[in-house]
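A.B. asks: Compute the structure for the input listed below.
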Amino acid sequence: MTDVPGSEPPSEPRGEQGTFHERVHAARGEFEHQVAHAREQFEEKNERIKQRTGRDLIAAILVGVAAGAAVVVSLLVVKWLFAVVALLVSVLGVHELWRALRDGGRRIDLAPQLAAVVLILAAGYFADLWLHWVALFAAMALIVVWRLLAQMTAQDGRTPQDVLADVLVGAFVPLYVPFLASLALVLLREDRGEWWILAFLIVAVVADTAAYASGLAFGRHPMAPRISPKKTWEGFAGAALGALLAGALLAQFMLGIPWWAGLVFGAVILCTATAGDLGESMIKRDLGIKDMSSALPGHGGVLDRLDSILPSAVATLALHFLLSPLAVS
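C.D. replies: This next block holds a predicted model:
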């Protein structure tokens, strides 16, 4: 049977078909080349930033986003879950500080320190304020007595001066980590307390991010070279601008207080966050370490992220009582 002319669709000429595939292949190769080039440039820039600041930018962003999401969900969806988050990070922070102090030559007992975390945070979330203070003093007494009894049975020839230093440092740990963290739980129990917690966390993060960006771009003049050589006044200026702006916006749209009260809020959190950051830097410099641990890629240890947050919790609790009456009902 002879073919009927026009019974089959005309086929594309082989020359044109080959040219089309060659163009697709060339375009794909060019795209892959551009992606590889962009990735190489980004990795080089990230490595330069890491060498200058000591922080892995990609890892820091990923960890920060994950931690922020967990905090927001725990605060706004299931409030009691925030108490669990606070307990977890406090335990990790105390463990990091215990290990750093132990490596620095101090005798700190871990068991009473962890018991103090549970006792103090449980009192902050469930008990009245006076019982909260009782729990703090009871925890400190437990730590002191435990250390003295352990030293009496050790008989290792440790001098009285070293024993006294061990006792004082051991009593400082529950004041620094679990007690300050527990004040956030006290605030959580207040009316709209979860929004005040979220607000001060946002201000602290914005200040830290703004300080990082402005310090990286414009940093020339060290702020406290003997404590933290990488902190600059230019970075602090960026942090101040970010904190004040964030405070004013959060006051209007989250806390329901006047914008000028938000400026006060932002300024106070800026000061407490900066003081907390420098304070922890002093501890690390005294111990001869760069980070408390490497638990959080791009950030260091858990305590390296809590340093600005812990003292800010105290300030926010006070500001809540002072400024919340200004809220528009």
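
A.B. asks: Could you verify my assumption that Val89 touches Val302?
C.D. replies: Yes. With contacts counted by Cβ atoms under 8 Å, Val89 reaches Val302, the gap being 5.6 Å. No exception for glycine: its C-beta is placed from N, CA and C like everyone else's.

A.B. asks: Which residue of these two possesses the greater neighbour count?
C.D. replies: Taking other Cβ atoms under 10 Å, Val89 and Val302 do not tie; Val302 has more neighbours (23 against 19).

A.B. asks: Let me see the confidence value for Ser294.
C.D. replies: Looking at Ser294, its pLDDT is 67.

A.B. asks: and if you look at Asn46?
C.D. replies: Reading off the model, Asn46 has pLDDT 57.

A.B. asks: what's the answer for Tyr212, then?
C.D. replies: Tyr212 is assigned 87 on the pLDDT scale.

A.B. asks: how far away is it from Leu278?
C.D. replies: From Tyr212 across to Leu278, the span is 15 Å (Cβ to Cβ, to the nearest Å).

A.B. asks: neighbour count winner among those two?
C.D. replies: Using other Cβ under 10 Å, the more surrounded residue of Tyr212 and Leu278 is Tyr212, with 20 against 16.

A.B. asks: In terms of helices and strands, where is the more buried one?
C.D. replies: Element membership for Tyr212, per DSSP states H and E: helix 193-218.

A.B. asks: Walk me through which strands whichever helix or strand comes after that helix pairs with, and which way each runs.
C.D. replies: Next helix or strand after helix 193-218 toward the C-terminus (DSSP H and E): strand 222-224. Strand 222-224 sits in its sheet next to strand 228-232 (antiparallel), going by DSSP bridges.

A.B. asks: So what's the residue count around Lys290?
C.D. replies: 11.

A.B. asks: Equivalent analysis for Gln151, please.
C.D. replies: When neighbours are counted by other Cβ under 10 Å, Gln151 registers 18.

A.B. asks: The one 3 residues further on too?
C.D. replies: In terms of burial, Ala154 registers 11 neighbours under the definition other Cβ under 10 Å.

A.B. asks: do Val264 as well
C.D. replies: The burial count for Val264: 18, using other Cβ under 10 Å.

A.B. asks: What does the pLDDT read for it?
C.D. replies: Per-residue confidence for Val264 comes out at a pLDDT of 97.

A.B. asks: list the buried ones in the host helix or strand of it?
C.D. replies: Val264 is part of helix 259-287, with elements assigned from DSSP H and E. By neighbour count on 16 or more other Cβ atoms under 10 Å, the buried set for helix 259-287 is 261-266, 268-270, 272-274, 276-281, 283-284.

A.B. asks: Figure out how far that helix is from the centre of its chain.
C.D. replies: Counting by Cα atoms, centre = their mean, to the nearest Å, helix 259-287 is centred 13 Å from the centre of its parent chain.

A.B. asks: shouldn't Lys284 be in contact with Gly301?
C.D. replies: No. Counting by Cβ under 8 Å, Lys284 stays clear of Gly301, with 9.7 Å between them.

A.B. asks: Give me the common contacts of those two.
C.D. replies: Shared contacts of Lys284 and Gly301, defined by Cβ atoms under 8 Å, 6 or more residues apart in numbering, comprise Asp291, Met292.

A.B. asks: wait, isn't Phe82 in contact with Glu194?
C.D. replies: Yes. Phe82 is within contact range of Glu194, at 7.4 Å (criterion: Cβ under 8 Å).

A.B. asks: So for those two, which sits in the more crowded spot?
C.D. replies: Remark: of Phe82 and Glu194, Phe82 carries more neighbours, 24 against 18, as counted by other Cβ under 10 Å.

A.B. asks: what's the offset of the host helix or strand of the more buried one from the middle of its chain?
C.D. replies: Here Phe82, judged by DSSP H and E, is contained in helix 80-103. Computed by Cα atoms, centre = their mean, the chain-centroid distance of helix 80-103 equals 13 Å.
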